[in-house]
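J.: structure of the sequence below:
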Amino acid sequence: MSKTLYLECYSGISGDMTVGALLDLGADQKALEDQLKSLPVEGYKVSISRVKKSGLAACDFNVILDAKHENHDHDIEYLYGGQHIHGHEGHSHEQHTHGHEGHTHEHTHEHEGHSHEHVHEGHTHAHSHVHRGLPEILKIIESSRITEGAKKIASDTFKVLAQAEAKAHGTTIEEVHFHEVGAVDSIVDIAAAAICLDNLGITEVIVPELYEGRGVIRCQHGLIPVPVPATANIAQMYQLALHMTETKAELVTPTGAAIVAAVRTSDRLPSKYRIMKTGLGAGKRDYGRTSILRAMLIEEEKEASDVIYKLETNIDDCTGEALGYVMDRLLVAGARDVHYIPVFMKKNRPAYQLNIICKEEQIAALEDIIFTETTTIGIRRIQMERTVLSRELQTVDTTLGKVQVKICHLREGRRVYPEYESVAAICRDTGLSYQEVWGKVCREVLDEEL
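T.: Numbering: from 1, shown residues only. Down below sits the predicted model:
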């Protein structure tokens, strides 16, 4: 049975918000922690807690780097109406990526998905660290003991990120390298989201739109607009709809956008659906609005309708015997009804229109019979909605013996239809007329109900 996840991204989306929402939705926390321990990366610990966002209880997922991997300055710079605002995300840098072109790289950090210079006293510090490329990241994921389903989701997500970063830096996927510090955060966030999705058994993911902020942020390249290049590239490549808000901040991180791009199966909600369960994932900042990602398990509420198919074809060069034979074959093959009517075609040619009523799954087999047994070279196919009475087939005892009847349920009372073969068999045995037997069976069944 399919399980459909709806992500409501009115406050944007990031990796940690996604994991928090899925944990709150019911993903197994112990299974998550056990599988994360199998990742061959070090220098971090995971904190999972309950927090309040505008009075609403939400799950907070936080990756905390240890002293060796942590850096002494995590401030990121946003521009609010020309003023510089520094903020600490609490969750260490979500992703650090840059193109590798064989030269020394500046040490950059990413908060909420984009790279930032490590600035102190008006100058930039450069640090030497090992870098991991996409193949190394994929190897880390593959060598872990997380589930196969989670490995695929995590790998797909990193491939989306690599594509977006390569485009942003004007390089190739093979040349894009993830900084060691940033990669720890990214690997854990993305792996955790993948583990939770797989643990919940999610098969369909609906994300209609991503709410994003506006303005600019300062990074190592100077001022860059929101959405940041990697996020914009993901939105473009995977046709993610962005709903721009007046909030002066980055609400959609590259990691959040990449997760959506990797797992989304639809951008349209059913016209009617039931909410089976809800989870809230906490963001680290509110930006003047409640920073939560709401995840819902939903079930589509389908309209009560009965769909049937009609197959029809005009035949002007087929004998009556052939049509009788094809009718028998079609009925034996499961057609709900078969009939043919006389028609006049062009040049006033007398012909027959053959009509078959069937279910969708029967179309191919029935069309094959029509083409084989008649001279037609084309069949029209029409999908039709119908209204049918609730009915059941029963074998009832009567004074004439056992008879198979169809009982149809009306708003008031029932209607009885004796089956032809049962009535005909009694007629042959008793010598009674068809009308006598048919009427007597109907009266006895209806009188018994009274």
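J.: CA only for contacts and neighbour counts going forward, please
T.: Fine.
J.: for residue 35, give its distance to residue 189.
T.: 13 Å (CA to CA, to the nearest Å).
J.: compare those two (neighbour count), which wins?
T.: With neighbours defined as other CA atoms under 10 Å, residue 35 and residue 189 compare such that residue 189 has more, 28 against 18.
J.: average pLDDT for the helix or strand that the more buried one is a member of?
T.: Assigned by DSSP states H and E, residue 189 belongs to helix 180-200. Mean per-residue pLDDT for helix 180-200: 87.
J.: mind giving me the packing neighbours of that helix?
T.: With contacts taken as 3 or more CA pairs under 8 Å, 6 or more residues apart in numbering; DSSP states H and E, helix 180-200 sits against helix 15-25, helix 29-37, strand 56-65, strand 131-133, helix 148-169, helix 254-263.
J.: next structured bit after it?
T.: Sequence-wise, the next helix or strand downstream of helix 180-200 (DSSP H and E) is strand 204-206.
J.: where's that next one relative to the chain centroid, distance-wise?
T.: 2 Å (CA atoms, centre = their mean, to the nearest Å).
J.: low-scoring stretches of the chain, by residue?
T.: Residues of the chain meeting the criterion pLDDT under 70: 1, 67-131, 178-182, 220-221, 303-305, 448-450.
J.: could you pull out the helices for it?
T.: 15-25, 29-37, 134-143, 148-169, 180-200, 229-237, 254-263, 320-332, 363-373, 420-430, 434-449 (DSSP state H).
J.: re earlier: how much does the helix holding residue 189 deviate in direction from helix 148-169?
T.: Calculated by axes from the mean of the first three to the mean of the last three CA atoms, to 10 degrees, helix 180-200 forms an angle of 140 degrees with helix 148-169.
J.: using CSV, write out every CA atom in helix 180-200.
T.: This file holds the C-alpha atoms of helix 180-200, laid out as CSV (Å, rounded to 0.1, in the frame of the first residue of the first chain):
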residue,chain,number,x,y,z
GLU,A,180,35.6,18.3,4.9
VAL,A,181,33.9,20.3,7.6
GLY,A,182,30.8,21.1,5.6
ALA,A,183,30.6,17.6,4.2
VAL,A,184,30.1,16.2,7.7
ASP,A,185,27.0,18.3,8.2
SER,A,186,25.8,17.6,4.7
ILE,A,187,26.3,13.9,5.0
VAL,A,188,24.6,13.6,8.3
ASP,A,189,21.6,15.8,7.3
ILE,A,190,21.0,14.1,4.0
ALA,A,191,21.6,10.6,5.3
ALA,A,192,19.3,11.3,8.2
ALA,A,193,16.5,12.5,6.0
ALA,A,194,17.0,9.5,3.7
ILE,A,195,16.9,7.1,6.6
CYS,A,196,13.7,8.6,8.0
LEU,A,197,12.0,8.6,4.6
ASP,A,198,12.8,4.9,4.1
ASN,A,199,11.9,4.1,7.7
LEU,A,200,8.4,5.6,7.2
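J.: that helix vs helix 29-37, what angle?
T.: Orientation check (the same axes, to 10 degrees): helix 180-200 against helix 29-37 gives 140 degrees.
J.: orientation of helix 180-200 relative to strand 56-65 in degrees?
T.: 140 degrees.
J.: name the residues of helix 180-200 that come out as buried.
T.: Within helix 180-200, the residues that count as buried by 16 or more other CA atoms under 10 Å are 180-200.
J.: how far does it sit from the chain's center?
T.: Relative to its chain's centre, helix 180-200 lies at 20 Å (CA atoms, centre = their mean).
J.: ditto for stretch 38-54
T.: Chain-centre distance of stretch 38-54: 27 Å, with CA atoms, centre = their mean.
J.: got the contact list for it?
T.: Contact with stretch 38-54 is made by 57-69, 140-141, 143-146, 184, 282, 290-292, as judged by CA atoms under 8 Å, 6 or more residues apart in numbering.
J.: buried ones among those?
T.: Buried among these (16+ other CA under 10 Å): 57-65, 69, 140-141, 144-146, 184, 282, 290-292.
J.: out of the helices of the chain, indicate the one that is most buried.
T.: When neighbours are counted by mean count of other CA atoms under 10 Å, the highest per-stretch mean among these falls to helix 15-25, a mean of 29.
J.: tell me what that helix is packed against?
T.: Secondary-structure packing of helix 15-25 (3+ CA pairs under 8 Å, 6+ apart): strand 56-65, helix 180-200, helix 254-263, strand 273-282, strand 292-300.
J.: go again with 6 Å.
T.: strand 56-65, strand 273-282 (3 or more CA pairs under 6 Å, 6 or more residues apart in numbering; DSSP states H and E).
J.: reformat the helices of the chain as CSV; add distance to residue 7.
T.: Formatted as CSV, these follow (distance: least, CA to CA, whole Å):
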stretch, distance to residue 7
helix 15-25, 9
helix 29-37, 20
helix 134-143, 25
helix 148-169, 16
helix 180-200, 12
helix 229-237, 16
helix 254-263, 9
helix 320-332, 47
helix 363-373, 37
helix 420-430, 55
helix 434-449, 53
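J.: wait, which of those is closest to residue 218?
T.: Each of the helices of the chain was scored for nearness to residue 218 using CA to CA, and the closest is helix 229-237 (12.9 Å).
J.: contacts for the closest one?
T.: 164, 165, 168, 254 (CA atoms under 6 Å, 6 or more residues apart in numbering).
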